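1. Return a 3D structure for these sequence lines:
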Amino acid sequence: MCSPFVRKEANRLNWLIKGKLIDRSWSDESVEQIYDSYFKRLWGNNERMEYGAIGFEAAYKAREAEILSEKGWQHLQTKL
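-> Presented below is the predicted three-dimensional model:
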């Protein structure tokens, strides 16, 4: 299982390359492969890192909130 740091960084790198977050259904292995591949691809591309990151933090926080609300909802359903 990939760490929360790797998952967030892989999402950040995917955002820089494709302008979107990684699909939630992708496996940990796929997320780690994206991290390795896109890290190499963006190495030294400082300009892209600067302007491409616009909007990432807000999108990632929204994703985290979505996951947390689903987990909370599932937790409530199991208690009912």
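
2. for this protein, what spans make up the helices?
-> 4-18, 28-42, 46-51, 56-79 (DSSP state H).

3. Show me the shaky parts of this protein.
-> Confidence mapping of the chain against pLDDT under 70 gives the ranges 73-80.

4. circling back to that earlier point, mind putting the helices of the chain into TSV with mean neighbour count?
-> For every residue, glycine as well, the C-beta is placed using N, CA and C. Converted to TSV, the helices of the chain look like this (neighbours: other C-beta atoms under 10 Å):
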stretch	mean neighbour count
helix 4-18	18
helix 28-42	15
helix 46-51	10
helix 56-79	11
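
5. Give me the residues contacting stretch 43-54.
-> Applying C-beta atoms under 8 Å, 6 or more residues apart in numbering, the external contacts of stretch 43-54 come out as 12, 15-16, 19, 42.

6. Of those residues, just say which sits nearest to Ser3.
-> Arg12 (13.9 Å; C-beta to C-beta).

7. ok, and the closest non-adjacent residue to that closest one?
-> Phe56 (5.6 Å; C-beta to C-beta, 6 or more residues apart in numbering).

8. and that neighbour, how far is that from Asn45?
-> 16 Å (C-beta to C-beta, to the nearest Å).

9. Same check on Cys2?
-> Between Cys2 and Asn45 the computed distance is 23 Å (C-beta to C-beta).

10. Check the gap between the residue most central in space within the chain and Gly72 for me.
-> Compute the mean C-alpha point of the chain, and by C-alpha atoms, centre = their mean the closest residue is Asn11, 2.8 Å away. The gap separating Asn11 from Gly72 is 21 Å, by C-beta to C-beta.

11. Met1 too?
-> When C-beta to C-beta is the yardstick, Met1 and Gly72 sit 21 Å from each other.

12. Ok, Asp28 next?
-> Counting by C-beta to C-beta, the separation of Asp28 from Gly72 is 23 Å.

13. so who does the residue nearest to Ile34 when sequence neighbours are not counted touch?
-> Of all residues not flanking Ile34 in the chain, Ala10 sits nearest, at 4.8 Å (C-beta to C-beta, 6+ apart). Residues counted as contacts of Ala10 (C-beta under 8 Å, 6+ apart) are 2, 22, 31-32, 34-35, 38.
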